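K.L.:
here is the input, now give the coordinates:
(3 chains)
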Amino acid sequence: MKYWMMKSEPDVFSIDDLQKKGLEPWNGVRNYQARNFMREMKLGDKVLFYHSNAKEIGVVGLMEVSKEAYPDPTQFLAKSEYYDPASKKEDPRWSLVEVKFVEKFPRIVTLEMLKQTAGLDGLLLLRKGNRLSVTPVEAAHFKIIVGLKK
DNA sequence: GCCAACGTTGGC
DNA sequence: GCCAACGTTGGC
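P.N.:
Here you go, the predicted model:
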């Protein structure tokens, strides 16, 4: 079992949206590194949900991979903001995974808390200049972060 | 709104 | 293949 973190701007898609829907195909990732991480995800892997570009920035809950990587349909939709005219149906460029809601944390584990918590050295999220929307998380880091939820 | 960091594009 | 220009991310 592996652990991951995925970012979303809550104005676009939030933990509350996920809770309502139950499941979500994580479409719109258009970064090769992030795509490759999603392709590594296995059914049942745990995923931290991170709100970026928000009033309260941080980890807001937990999800689980409910379907492994498959082609992101939005890359073929001319009207979609995620449309990629260079991607061919016989060789799709972009993938996504489907995730399901597990829990919303009682409080947000803020970026500030993460920065001040010992033992999170090396967490990719905290690396200077890191903008990846999908990153792996070490098991030890995952446990520490979940432990901060209340 | 600013800007640092980073990825992508395209001319050469 | 290099690299300048440009676009995007995301914290502040």
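K.L.:
for A:Leu48, give me its contacts.
P.N.:
A:Leu48 makes contact with A:Tyr3, A:Trp4, A:Met5, A:Met6, A:Val59, A:Gly61, A:Leu62, A:Met63, A:Val137, A:Phe142, A:Ile145, A:Val146, according to CB atoms under 8 Å, 6 or more residues apart in numbering. No exception for glycine: its C-beta is placed from N, CA and C like everyone else's.
K.L.:
likewise A:His51?
P.N.:
Residues near A:His51 by CB under 8 Å, 6+ apart: A:Lys7, A:Ser8, A:Glu9, A:Pro10, A:Ser14, A:Ile15, A:Ile57, A:Gly58, A:Val59, A:Val60, A:Ile108.
K.L.:
show me the shaky parts of chain A.
P.N.:
Applying pLDDT under 70 to chain A flags no residue at all.
K.L.:
now do the strands in it.
P.N.:
Using DSSP state E, the strands of chain A run over A:3-8, A:23-25, A:46-51, A:58-71, A:95-110, A:134-137.
K.L.:
and the gap between A:Pro85 and A:Phe49?
P.N.:
In this view, A:Pro85 and A:Phe49 are 31 Å apart by CB to CB, to the nearest Å.
K.L.:
any idea how many residues pack against the residue in chain A that DNA strand B sits nearest to?
P.N.:
The minimum distance from chain A to DNA strand B, using CB to the nearest atom of the strand, falls at A:Gly129 (1.9 Å). Counted with other CB atoms under 10 Å, residues neighbouring A:Gly129 total 4.
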